[in-house]
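A.B. asks: Got a predicted structure here, sequence first:
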Amino acid sequence: MQIYLPIAEISLNLWLLLGLGLGVGFLSGLFGVGGGFLMTPILIFLGIPPAVAVSTQANQIVASSVSGAIAHFRRKTLDIKMGLILLIGGVAGSISGVQLFGLLQRLGQIDLVISLCYVGFLGIIGGLMLVESVNAIRRRRGAGGSVRPKRRKRGLIDVLPFKTRFAVSGLYMSVIPPIAIGFLVGGLAALMGVGGGFVMVPAMIYLLRMPTNVVIGTSLFQILFVAALTSFLQAVQNQTVDMVLAGILILGSVVGAQIGARFTSKIPAEELRALLALIVVSVCLKLAWDLTSTPADLFVLIDAQGGQ
Amino acid sequence: MIRRTTLMLIVMIGALVGLRAHAAPPEGVQPPAQIAAALTEDVVEIRSTFAGAELTLYGAATGLQEGDDIVVAVRGPAGDLRVMQKRRVLGIWVNAAPVRFEDVAGYYAVASTRPLSEFASFSALRRNQIGMDHVRLYAPESIRRETLFGVRNVMVTDLGGEIVDYRAALVRNKARRGLYGEAPGGVELLEGGLFRARVILPPTTPTGTYDADVYLFRDGQPIATRRTDLSVVKAGVERTIYDLAQNRPVVYALISVLLALLAGWTAAAVTQRR
């Protein structure tokens, strides 16, 4: 059954979109990832204008992060102060990202920049995940030595000014790194239609050295607000949020996420993580192939709004 | 001297005749042929299940003779667009060298009784913009007016021969999406001067007013034309959503964010209760 998307202005198969939401939701429930990094490229493959795909995806992230954020808030497993400081950077990043998005659209380069960002990020993350999970599988099968925890070194982050105390995380550090990380993640949300958890969580653990029990809650807190703001700004400024598409994807993904979350305990985690890494790497390769292989048509049409 | 005057006279008469051909026929004089035409629908509504539309244009021509041909040209709402060329930079294909075209028809379809070149003169097709090779494609920024060989106001394109590639690319891209098309044999002649043609609108067809022009060709020239129009509009929920997004973006943005929050929260609440 075809359904016409009023903002994307194309008609797509309803079941395909529901299935996509379900599948990506399942993966996100299984691995605790947002899934935006898979959904947005697939939407673009389906022929949805990149601007609409990215903006609508920001809306979907609001739905997928709200329940997690509430749960962590109730359990108090989040650092509100850190979250707010990340958010300051995130708001600035999101606003700049939406402006940059509009500019690139007018220049006719938005597709290229989105693709390049995806190839870069998916390549790095997929590659790291693949290496990590292969190592983990090897370690479990073979004898494998235990990993020694690294000693904390005094780095650049410790000499930065504007230090403040983060009571929940037990840190005393400059506000500059969290603002910078928040800014980067906000910009990614606007440009790539991702929550940015895949960047923020490692950054919080390895750069900010936050305790792992508050990392997920704090990142969800920041993602929720940044995604809501991004979705709002894209809708106001570029009119690129498709409510019908968002509704279908949200419906599919919330159901999928619940199913995925139930499967978490039943399936060997390492093999699955390797599978996710393979999916991520193949999406990356597909995008990279499209960028470098000779296109079927050497000319492209770009309408007044910058869509193709 | 006499010869020159005669020549000028001939030219002037020619010009007058040319003008007469475009002007409305004078009262009382029966025109050689007349056309009437109607579409099966004059409003196409885009609703949530819209997946393109197929209409039929019915027409009748009086004074239709053996060897006459009928052409139906449907032109969709015009808009500006850019054509960019893909160039390889460091191994990556990058969009470059944009050319902006003004008032390009968003939809363009021509159906005719026979292939256009078999019955119509090049100039008649060009003048009336009939056929995919004759779509009006105007790139004002690449055009200068110059005096060439003593002739003033000659339009010269900065792109030189490349403009041909750009024009061809525009038509080709639109054709690939089903927005531009030519159907030789798409006009079916029925008995008694009646004819019909199919108009196929793809799912991505733009909204707005479409003109359907019917031409009767005799001896290479159109001797009668008739225009009827068609509008493609969003309707129902699709229209409400689209209008809200365009006219009240802040309200639309708030609603979409609130709906997302509500959906996520409801899903969590439902699963927690179980």
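C.D. replies: Good, I have the coordinates. Just so we're clear, the structure is a prediction, and the values are computed from it rather than from any experiment. Residues are numbered from 1 along each chain as shown, chains lettered A, B, ... in the order given.
A.B. asks: Now do stretch B:219-234, average pLDDT.
C.D. replies: Computed over stretch B:219-234, the mean pLDDT rounds to 88.
A.B. asks: What are the buried residues along it?
C.D. replies: The neighbour-count criterion (16 or more other CB atoms under 10 Å in any protein chain shown) identifies B:222-224, B:226, B:228, B:230, B:232, B:234 as the buried residues of stretch B:219-234. To be clear about C-beta, it is placed using only N, CA and C from the backbone, and glycine gets the same treatment.
A.B. asks: do the same with stretch B:44-53
C.D. replies: If you call a residue buried by 16+ other CB under 10 Å, then stretch B:44-53 has these buried ones: B:44, B:46, B:48, B:50, B:52-53.
A.B. asks: Hmm, which of those is lowest in pLDDT?
C.D. replies: Among the buried residues of stretch B:44-53, B:Ser48 has the lowest pLDDT, at 81.
A.B. asks: Can you list phi and psi of that residue for me?
C.D. replies: The main-chain torsion angles of B:Ser48 are listed as degrees, to the nearest 10 and equal phi -60, psi -20.
A.B. asks: which ones are touching it?
C.D. replies: Counting by CB atoms under 8 Å, 6 or more residues apart in numbering or on different chains, B:Ser48 touches A:3-4, A:244, B:236-238.
A.B. asks: hmm, which of those residues are the buried ones?
C.D. replies: If you count burial by 16+ other CB under 10 Å, the buried members of the contacts of B:Ser48 come out as A:3-4, A:244, B:238.
A.B. asks: quick one: low-confidence ranges for the chain?
C.D. replies: Just going to use chain A. A:32, A:142-158, A:264-265, A:267, A:269, A:304-308 (pLDDT under 70).
A.B. asks: That was the other one, I meant chain B.
C.D. replies: Counting by pLDDT under 70, chain B contains low-confidence ranges at B:1-31, B:144, B:148, B:153, B:155, B:272-274.
A.B. asks: What segments of it are helices?
C.D. replies: For chain B, the helices defined by DSSP state H occupy B:2-22, B:116-119, B:122-128, B:162-176, B:236-247, B:249-273.
A.B. asks: Turn those into CSV, including distance to chain A.
C.D. replies: Compiled in CSV, the helices of chain B are given as follows (distance: least, CB to the nearest CB, whole Å):
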stretch, distance to chain A
helix B:2-22, 33
helix B:116-119, 24
helix B:122-128, 23
helix B:162-176, 3
helix B:236-247, 4
helix B:249-273, 3
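A.B. asks: Which of the helices or strands spans the closest residue to chain B within the stretch 51-200 of chain A?
C.D. replies: With CB to the nearest CB as the measure, the residue in the stretch 51-200 of chain A that lies nearest chain B is A:Ser67; the distance is 3.0 Å. Using DSSP states H and E, the secondary-structure element containing A:Ser67 is helix A:50-75.
A.B. asks: buried residues in that helix?
C.D. replies: Judged by neighbour count using 16+ other CB under 10 Å, the buried positions of helix A:50-75 are A:50-73.
A.B. asks: is B:Asp211 in a bridge, and if so with what?
C.D. replies: Using DSSP bridges, the beta-bridge partners of B:Asp211 come out as B:Arg75, B:Asp229.
A.B. asks: Next one: it from A:Asp303, what distance?
C.D. replies: As defined by CB to CB, to the nearest Å, B:Asp211 lies at a distance of 21 Å from A:Asp303.
A.B. asks: and what of A:Phe31?
C.D. replies: Relative to A:Asp303, A:Phe31 is positioned 37 Å away (criterion: CB to CB).
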